[in-house]
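In: sequence first, predicted model second:
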Amino acid sequence: MKGLLTAGLVAAMIVPTAAMGIERFEPGDDAYAACKIVVLYEGATTFSKPIKPIKFGKILKVRAVEAIFELPSTDFFSKKVMEQEEEELAMEQDREPEQISPELYTRAAWLKFDGGYGPASCFVSEDLFKSQNPKEAQKRVEALAATKAKRNFSEGESGDMTAMRGAAGKAKGGKANYAAIDKIISAVATASDLSGDKTFRRTGKLGEFK
Amino acid sequence: MRFASHTLPVAAGLVLICSASFFNAQAQSFLGDMLKSIEKEVENPSAGSGLNFGGASNELFEAAENSRLGPMGRYFLGRKLSAHILGNTPALPVSHPISRYVRRVVLTILGSSNYAGSYSDPVVIVLKDSKNINAFAAPGNFVFVTTGMLHFLKNEDELAFVIAHEIAHIELDHGLNAIKSKQGADLFKNAVGNELAVGLDGLFNFMEDGFSAELEGEADLRGAELAAKSGYDPSAGKFVIKRLENKQGRKHATGYPEDRQANIDLVIRSTKPVSVSAIKSREIRYRGVVK
């Protein structure tokens, strides 16, 4: 029973820690910039005018939360899942189910700061920020890929996989080629073309031009 | 349906075991406090966290903490998965006109997404694979499309739907949730005496077998919404799905909803029609790039 309880506690921690990878913020909270560079925009959309870049690690005070959305029904923090659990619990305890607070099943896609709007997916709490360094982040990823899996992709292995559920068919995974992906990542970093991107949207009647 | 019909109830049941008032409380801070107490207990069992875990192994607690990735962790996870993909299939250069074009479609869709920011610039990779019709994505905004898919599609709006479906998987965190779900179930199994099998195995299983029908349906719906929000015609998604379903000899993993097009219809009904001339002009530029 002790093992079961322990597993329950740990599983409970694993499952709900990051609903959609976006933490919940409220006005007055400190938000830590956790992307290499976070651009603050004039409005709560990347289609608005960029104002200034914020460097990794900068702490900003949340003034307001914008673009609130409800978590999808498959998320462990969704309204649907929480209502089901509350109903079952209420039945077990012979009482009426309580209403689930919308704060629990909603998140903000954008945060308003004094200098503009930033995407919430680039900001984390102080607690999570402690793990946002390359050494720790890679350690965690490697731990996720750890050894006791029935079949994992260690650096030397190759295999057959349909990655992230493609639109169709299979993608083949092979021995990790970090040189290739790092080359692409650095090429991407220097290939930014904001004005070309805007022209693309304008001529296609997309984004802010739709 | 591993995720939706098996693991989720197991995890949800475990949550109930843990705390009767869990969902009525401030869940995240509750779990944060619990995590700290557990960490304290593991580091110094005599300190008295108020929780009694007896001889619970550090491995369990480390697994819980390791699943909290944040933007940087997601980036490294995406980089790792991408490295394996590129270990088998070469990519077009980033400067190639097709790569640049697909990247612009990706950036347009991401602009409408709730996951607009990622640790690093979004990485869009066109794989030189004309035999396989495929597109996929990894956490951290890594998006892949095969040349086979580009030749299969007929216009930019169809490409936008395919990409939006993949971005929906990223936005909804389906990949990492797959790992977490697998971990939760495996930790449970371990506690009751079965083999511990944590790790990316869960995600790779999903790669091979596909996500559950529920998740795919969710990605179809959200994908169509993202495409429409960006200005694309969501009905293009119906044509893509129909042709994919009709394609003979396709090794399509099972696990899609029975009527995928119904989700797209929901979006079409709630969206203002897109002008035919806009669709046509985008089709012309698509054909100009993808010949």
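Out: Structure received.

In: pLDDT weak spots in the stretch 1-150 of chain B?
Out: The stretch 1-150 of chain B contains residues with pLDDT under 70 at B:1-67.

In: what ranges do the helices span in the chain?
Out: Looking at chain A here, since you left the chain open. Counting by DSSP state H, chain A has helices at residues A:2-14, A:79-92, A:102-105, A:126-129, A:134-144, A:178-190, A:194-204.

In: chain B, not that one
Out: B:8-18, B:27-43, B:58-66, B:70-86, B:97-112, B:147-152, B:156-171, B:174-191, B:201-209, B:213-230, B:236-246, B:260-269, B:276-289.

In: adding mean neighbour count and mean pLDDT, write the helices of chain A out as CSV.
Out: Where C-beta positions appear, they are placed from N, C-alpha and C, glycine not excepted. Shown next, in CSV, are the helices of chain A (neighbours: other C-beta atoms under 10 Å in any protein chain shown; pLDDT from 0 to 100):
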stretch, mean neighbour count, mean pLDDT
helix A:2-14, 23, 47
helix A:79-92, 16, 91
helix A:102-105, 16, 90
helix A:126-129, 16, 93
helix A:134-144, 18, 85
helix A:178-190, 16, 93
helix A:194-204, 15, 94
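
In: quick one: which of these is nearest A:Ala67?
Out: Proximity to A:Ala67 (C-beta to C-beta) singles out helix A:102-105 among these, at 14.7 Å.

In: my guess is A:Lys52 meets A:Gly116, correct?
Out: Yes: between A:Lys52 and A:Gly116 there is a contact at 6.9 Å, judged by C-beta atoms under 8 Å.

In: any shared contact partners between these two?
Out: The contact sets of A:Lys52 and A:Gly116 overlap at A:Leu40 (C-beta atoms under 8 Å, 6 or more residues apart in numbering or on different chains).

In: neighbour count: the two, which is higher?
Out: Ranked by neighbour count (other C-beta atoms under 10 Å in any protein chain shown), A:Lys52 and A:Gly116 place A:Gly116 first, with 20 against 10.

In: the more buried one contacts A:Ile51, doesn't it?
Out: Yes: A:Gly116 lies in contact with A:Ile51 (C-beta under 8 Å); the separation is 4.2 Å.

In: so what's in contact with the two at the same time?
Out: Residues touching both A:Gly116 and A:Ile51 (C-beta under 8 Å, 6+ apart) are A:40-42.

In: narrow these to those that are buried.
Out: Buried residues within these, defined by neighbour count using 16 or more other C-beta atoms under 10 Å in any protein chain shown: A:40-41.

In: out of the shared contacts of A:Gly116 and A:Ile51, which comes closest to B:Arg287?
Out: A:Tyr41 (33.2 Å).

In: do I have it right that that closest one meets A:Lys112?
Out: No: with contacts counted by C-beta under 8 Å, A:Tyr41 stays clear of A:Lys112, the gap being 10.4 Å.

In: anything in contact with each of those two?
Out: Shared contacts of A:Tyr41 and A:Lys112 (C-beta under 8 Å, 6+ apart): none.

In: burial count for A:Phe113?
Out: Look at A:Phe113: counted by other C-beta under 10 Å, it has 19 neighbours.

In: wait, what's in contact with the residue nearest to it when sequence neighbours are not counted?
Out: Closest residue in space to A:Phe113, ignoring its immediate chain neighbours: A:Leu60 at 4.5 Å, by C-beta to C-beta, 6 or more residues apart in numbering or on different chains. Contact partners of A:Leu60, counting by C-beta under 8 Å, 6+ apart, are A:30-31, A:33, A:54, A:111, A:113-115, A:118, A:123.

In: mark which of those are buried, thanks.
Out: Buried among the contacts of A:Leu60 (16+ other C-beta under 10 Å): A:31, A:33, A:54, A:111, A:113, A:118, A:123.

In: mind checking how far the fifth one is from A:Ile51?
Out: For A:Phe113, the distance to A:Ile51 under the criterion C-beta to C-beta, to the nearest Å works out to 10 Å.

In: who touches both of those two?
Out: A:Leu40.

In: contacting residues for A:Asp30?
Out: If you count contacts by C-beta under 8 Å, 6+ apart, A:Asp30 has them with A:59-62, A:125-126.

In: can you put these in JSON lines and add distance to B:Glu156?
Out: Formatted as JSON lines, the contacts of A:Asp30 follow (distance: C-beta to C-beta, whole Å):
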{"residue": "A:Ile59", "distance to B:Glu156": "41"}
{"residue": "A:Leu60", "distance to B:Glu156": "37"}
{"residue": "A:Lys61", "distance to B:Glu156": "41"}
{"residue": "A:Val62", "distance to B:Glu156": "37"}
{"residue": "A:Ser125", "distance to B:Glu156": "39"}
{"residue": "A:Glu126", "distance to B:Glu156": "43"}
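
In: tell me which of these is nearest to chain B?
Out: Closest approach between the contacts of A:Asp30 and chain B, by C-beta to the nearest C-beta: A:Ser125, at 8.6 Å.

In: and for B:Pro71, the neighbour number?
Out: The tally of other residues near B:Pro71 (other C-beta under 10 Å) stands at 29.

In: what sits against the closest residue to it other than its chain neighbours?
Out: Excluding the flanking residues, the one nearest B:Pro71 by C-beta to C-beta, 6+ apart is B:Tyr119, at 4.0 Å. Residues near B:Tyr119 by C-beta under 8 Å, 6+ apart: A:34-36, A:122, B:71-72, B:74-75, B:140.

In: let me know the closest of those to A:Lys139.
Out: Lowest distance from A:Lys139 to the contacts of B:Tyr119 (C-beta to C-beta) belongs to B:Met72, with 11.3 Å.

In: for B:Glu258, give its distance to A:Glu66.
Out: 37 Å.

In: when these two are compared, which one has more neighbours?
Out: It is A:Glu66, of B:Glu258 and A:Glu66, that has more neighbours when counted by other C-beta under 10 Å, with 15 against 7.

In: pLDDT score assigned to that one?
Out: You'll see A:Glu66 listed with a pLDDT of 96.

In: surely B:Leu69 touches B:Gly140?
Out: No: the criterion here is C-beta under 8 Å, and B:Leu69 misses it with B:Gly140 at 9.1 Å.

In: overlap in contacts, the two.
Out: With contacts taken as C-beta under 8 Å, 6+ apart, B:Leu69 and B:Gly140 have B:Leu77 as neighbours in common.

In: mind listing what A:Lys79 touches?
Out: Shown in contact with A:Lys79 (C-beta under 8 Å, 6+ apart): A:70-71, A:73, A:100, A:102, A:105.

In: err, B:Ala116, not the other one
Out: A:45-46, A:109-110, A:119, A:121, B:110.

In: for it, give its distance to A:Glu26.
Out: Taking C-beta to C-beta as the measure, B:Ala116 falls 20 Å from A:Glu26.
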